[in-house]
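Enquirer: fold the following for me, if possible:
(2 chains)
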Amino acid sequence: MAAAESPSAALRRRDLCSRGIRLAGKMRADVVDLLDAYVEQQGLDASASVAAVEGVPLAAVERWDEQTGTQRLLENLAAYRAFRALLAQMLEEQREQLGEADAGLGRALAAVLLQVSAFAYHLEELLRLESRGVPGEEGDEEEEDGPPPPPRLSLFEQKLRGLGVLRELAQWAVRSVRDLRQLAKPSPATGAAPGLVESP
Amino acid sequence: ESHTQYERVGADVTMKCGSMDWDAAVTWTANGTDIDESHLNGSYLILKNVNLSQSGQYSCYEGSSWHLKYQTNLRVGTPPKEPVLMCRSNNYPKGFYCSWHLPTPTYMPNTFNISVIHGTKDMVCEKDAVPKNRCHIRYLQLFSTVKYKVTLTVTNPLGKNFTTLTFDEFAIVKPDPPESVVAKPVPNNPRRLEVSWQNPSSWPDPESFPLKFFLRYRPLILDQWQHVELSDGTSHTITDAYAGKEYIIQVAAKDNDIGTWSDWSVAVHATPWTEEPKHLTTEAQITETTSASTSSFMAPPTTKICDKGAVVGSGAMAVCWTAGLVVAAYSVLFI
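Expert: Numbering: from 1, shown residues only, chains lettered A, B, ... in the order given. Next comes the predicted model:
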């Protein structure tokens, strides 16, 4: 079934993609600044390798260019929802550890959390535009449970995990810009997102 | 019996005449020239503190029969120093290449071996035919935070050395410079130059991975560059050029989101449009002018035959020094 996307839907999609690209770009810049501040204030080594942390969505992807539009949106949405929870947790830990001592870092974390939430909402809008149902948040992941409290980590482990979270978020922000650019292109017949087929 | 013998510069070298006894009578030659007996210890040839010029073909002949008993190709050189390695992605997101060289020659054959590890995964770097000291890798993953570790080992008959580079995917992204840079004057606009260029042909997908550009320009007579950063498009109009001055212009490119700026493009030169001064017609036309015509002339208002700043007077009577001299000269002619 090939249905042409209506002109208004195409315009709306391009508009959402453009705004999403700007959002992701700003988010990335803020995450990079936050990463610098976090490394410094947590006394970490910026070049330290952090093993993949459970629950942190990895931006790394194989055959990225072969993904459909829907795959891109769904993977992005799952990632940012996970980051929303992870950042909220980091903020909570930050407040517990330092109280008022590091309000600047806390504010920066909160600002990024806000952008992540906004971006997740933006992705939901794009999915709705594709006439795809927006996946529910609970019970969506198979392997990891997002919000349920993980085993209590030591302070150092919390810091390292925070580093891992912010690094992956920075990568995701770049990936999201690329994904939205792909989405904004007029899609060819093959590999097009379902519901996003345009007749020439 | 013949073979190749590799020795380090400064070493003491002893060459035996094959299986001949120490006390056999032999003659040694180097590249066909007899070697003085003072270098011999019995039938052994002794070369002390060898240098590069002593590389060559050494032959040993049995004393009376002049039968060739042994031949060796002596190559004097050095073990390899730490190689210089560079990795770069000029075709993101397809992959990256690494290239290498030795800082100083060894004067003997060297073998290079490169290994690339991404996390725990070994990757194959495919050697390029040209240039030979280069190999390329296709990205299997994009957007990975895991670093790449590239180790280059160089080996020659006298020893080995190695170097290692560690980097992440984004850090090595550096496009080639923009291509086909063209700068043209804009008709009837003495302060404008129109510059256009193309994405480097090695950049595979500028639509999905757009480049941004940095333009720099200056008049040849000044050292200071003007800079303009452009986030999209492959053209730009310079609007503040000095009238009549030749400009030099270059462009650089960078991925919009990651990596570093390319090198500057090939420089192009252009001069903004200037109106042809109408009175400066050919000499023949001037000398044919009859005395009935005015003995002096005024340049039409739009004519610019001198630089700003060399103007004397104002308003309708404004002329510049050079024009004044020309007027005076022709006035004298027609009196």
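
Enquirer: please parse chain B into its domains.
Expert: B:3-77, B:84-167, B:179-270 (the TED database).

Enquirer: so A:Val116, which of the three states?
Expert: Assigned by DSSP: H, G, I helix; E, B strand; the rest coil, the conformation of A:Val116 is helix.

Enquirer: the domains of chain B: which one's closest to chain A?
Expert: domain B:84-167 (3.7 Å; C-beta to the nearest C-beta). To be clear about C-beta, it is placed using only N, CA and C from the backbone, and glycine gets the same treatment.

Enquirer: burial count for the residue lying closest to B:Asn31 once chain neighbours are set aside?
Expert: Nearest residue to B:Asn31, sequence neighbours excluded (C-beta to C-beta, 6 or more residues apart in numbering or on different chains): B:Gly56, at 4.4 Å. B:Gly56 has 16 neighbouring residues, counting by other C-beta atoms under 10 Å in any protein chain shown.

Enquirer: got a list of what B:Gly56 touches?
Expert: B:Ala30, B:Asn31, B:Asn73, B:Leu74 (C-beta atoms under 8 Å, 6 or more residues apart in numbering or on different chains).

Enquirer: A:Leu86 now?
Expert: A:Gly55, A:Val56, A:Val165.

Enquirer: so which of the residues you listed sits lowest on pLDDT?
Expert: Lowest pLDDT within the contacts of A:Leu86 is found at A:Gly55 (87).

Enquirer: distance of it from chain B?
Expert: 15 Å (C-beta to the nearest C-beta, to the nearest Å).

Enquirer: wouldn't that residue be in contact with A:Phe83 here?
Expert: No: using C-beta atoms under 8 Å as the test, A:Gly55 is too far from A:Phe83 to be in contact (10.2 Å).

Enquirer: looking at those two, which one has more neighbours?
Expert: A:Phe83 (26 against 18).

Enquirer: closest one to A:Leu153 among the domains of chain B?
Expert: domain B:84-167 (19.8 Å; C-beta to C-beta).

Enquirer: and the closest one, average pLDDT?
Expert: On average, domain B:84-167 scores 95.

Enquirer: list the buried ones in the longest helix along chain A?
Expert: Of all the elements of type helix in chain A, the one with the most residues (DSSP state H) is helix A:7-41. The neighbour-count check on helix A:7-41 (16 or more other C-beta atoms under 10 Å in any protein chain shown) flags A:9-10, A:13, A:16-17, A:20-21, A:23-25, A:27-28, A:30-31, A:34-35, A:37-39, A:41 as buried.

Enquirer: also near chain B: which of those, exactly?
Expert: A:Gly25, A:Arg28 (C-beta under 8 Å from any C-beta of the partner chain).

Enquirer: so where do the strands sit in chain A?
Expert: Secondary structure of chain A (DSSP state E): strands at A:61-62.

Enquirer: got the residues of it near chain B?
Expert: A:25, A:28, A:49, A:58-62, A:64-65, A:167-168, A:171-172, A:174-175, A:177-178, A:181-182, A:185.

Enquirer: could you flag which of those are buried?
Expert: A:25, A:28, A:58-61, A:64, A:167-168, A:171-172, A:174-175, A:177-178, A:181-182.

Enquirer: which residue sits closest to the residue nearest to the spatial centre of chain A, ignoring its sequence neighbours?
Expert: Centroid check for chain A by C-alpha atoms, centre = their mean gives A:Tyr80 as the closest residue, at 3.1 Å. Spatial nearest neighbour of A:Tyr80, excluding adjacent residues (C-beta to C-beta, 6+ apart): A:Ala120 at 4.1 Å.

Enquirer: measure that neighbour to chain B for me?
Expert: For A:Ala120, the distance to chain B - C-beta to the nearest C-beta - is 18 Å.

Enquirer: may I have the phi/psi pair for B:Gly10?
Expert: Phi and psi for B:Gly10, reported as degrees, to the nearest 10, are phi 90, psi -10.

Enquirer: so what's it up against?
Expert: B:Asn49, B:Val50, B:Asn51.

Enquirer: my guess is the second one contacts B:Val13, does it?
Expert: Put plainly, it is B:Val50. Yes: using C-beta under 8 Å, B:Val50 makes contact with B:Val13 at a distance of 5.4 Å.

Enquirer: follow-up on the earlier one: most neighbours out of the contacts of B:Gly10, which is it?
Expert: B:Val50 (18 neighbours).

Enquirer: any stretches of chain A with poor pLDDT?
Expert: Flagging of chain A using pLDDT under 70 yields the residue ranges A:1-5, A:98-102, A:132, A:138-151, A:187-200.

Enquirer: got the residue ranges for the helices in chain B?
Expert: B:283-288, B:321-334.

Enquirer: mean pLDDT for these: which is lowest?
Expert: helix B:321-334 (a mean of 50).

Enquirer: only C-alpha atoms, please: export stretch A:37-48 in PDB.
Expert: Extracted C-alpha coordinates of stretch A:37-48, given in PDB (Å, rounded to 0.1, in the frame of the first residue of the first chain):
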ATOM      1  CA  ALA A  37      32.200  20.500  34.500                       C
ATOM      2  CA  TYR A  38      31.300  17.100  35.700                       C
ATOM      3  CA  VAL A  39      34.800  15.700  35.100                       C
ATOM      4  CA  GLU A  40      36.400  18.500  36.900                       C
ATOM      5  CA  GLN A  41      34.100  18.700  39.900                       C
ATOM      6  CA  GLN A  42      33.900  15.000  40.400                       C
ATOM      7  CA  GLY A  43      37.700  14.700  40.300                       C
ATOM      8  CA  LEU A  44      37.700  12.300  37.300                       C
ATOM      9  CA  ASP A  45      40.200  11.800  34.600                       C
ATOM     10  CA  ALA A  46      38.700  13.000  31.300                       C
ATOM     11  CA  SER A  47      40.400  10.300  29.300                       C
ATOM     12  CA  ALA A  48      39.400   7.500  31.600                       C
END
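
Enquirer: poorly predicted segments of the stretch 151-300 of chain B, please.
Expert: B:278-300.

Enquirer: the spatially closest residue to A:Ala46 that is not a sequence neighbour and A:Glu93, how far apart?
Expert: The shortest distance from A:Ala46 to any residue other than its chain neighbours is 4.8 Å, reached at A:Val39 (C-beta to C-beta, 6+ apart). Distance of A:Val39 to A:Glu93, given as C-beta to C-beta, to the nearest Å: 16 Å.

Enquirer: that older thread, what's the longest helix of chain A packed up against?
Expert: With contacts defined as 3 or more C-beta pairs under 8 Å, 6 or more residues apart in numbering or on different chains; DSSP states H and E, the packing partners of helix A:7-41 are helix A:103-129, helix A:155-184.

Enquirer: flag every buried residue along the shortest one.
Expert: Spelled out, it's helix A:103-129. A:105-106, A:108-109, A:112-113, A:115-117, A:119-120, A:122-124, A:126-127, A:129.

Enquirer: hmm, back to that, any idea of the angle the longest helix of chain A forms with helix A:103-129?
Expert: Angle between the axes of helix A:7-41 and helix A:103-129 is 160 degrees (criterion: axes from the mean of the first three to the mean of the last three C-alpha atoms, to 10 degrees).

Enquirer: A:Lys26 contacts A:Ala118, doesn't it?
Expert: No: taking contacts as C-beta under 8 Å, A:Lys26 lies outside contact range of A:Ala118: 10.0 Å.

Enquirer: so how far is stretch B:152-165 off the chain centroid?
Expert: Remark: stretch B:152-165 is offset 26 Å from the chain centroid, using C-alpha atoms, centre = their mean, to the nearest Å.

Enquirer: now do the same end-to-end measure for it.
Expert: Its start and end residues considered, stretch B:152-165 measures 9 Å (C-alpha to C-alpha, to the nearest Å).

Enquirer: same deal with stretch B:257-269?
Expert: Using C-alpha to C-alpha, first and last residues of stretch B:257-269 are 30 Å apart.

Enquirer: what lies in contact with that stretch?
Expert: Against stretch B:257-269 from outside (C-beta under 8 Å, 6+ apart): A:25, A:28, A:174, A:177-178, B:89, B:92, B:170-179, B:181-183, B:195, B:197, B:200, B:214, B:216, B:220, B:246-254.

Enquirer: of these, which belong to strands?
Expert: B:179, B:181-183, B:195, B:197, B:214, B:216, B:247-254.
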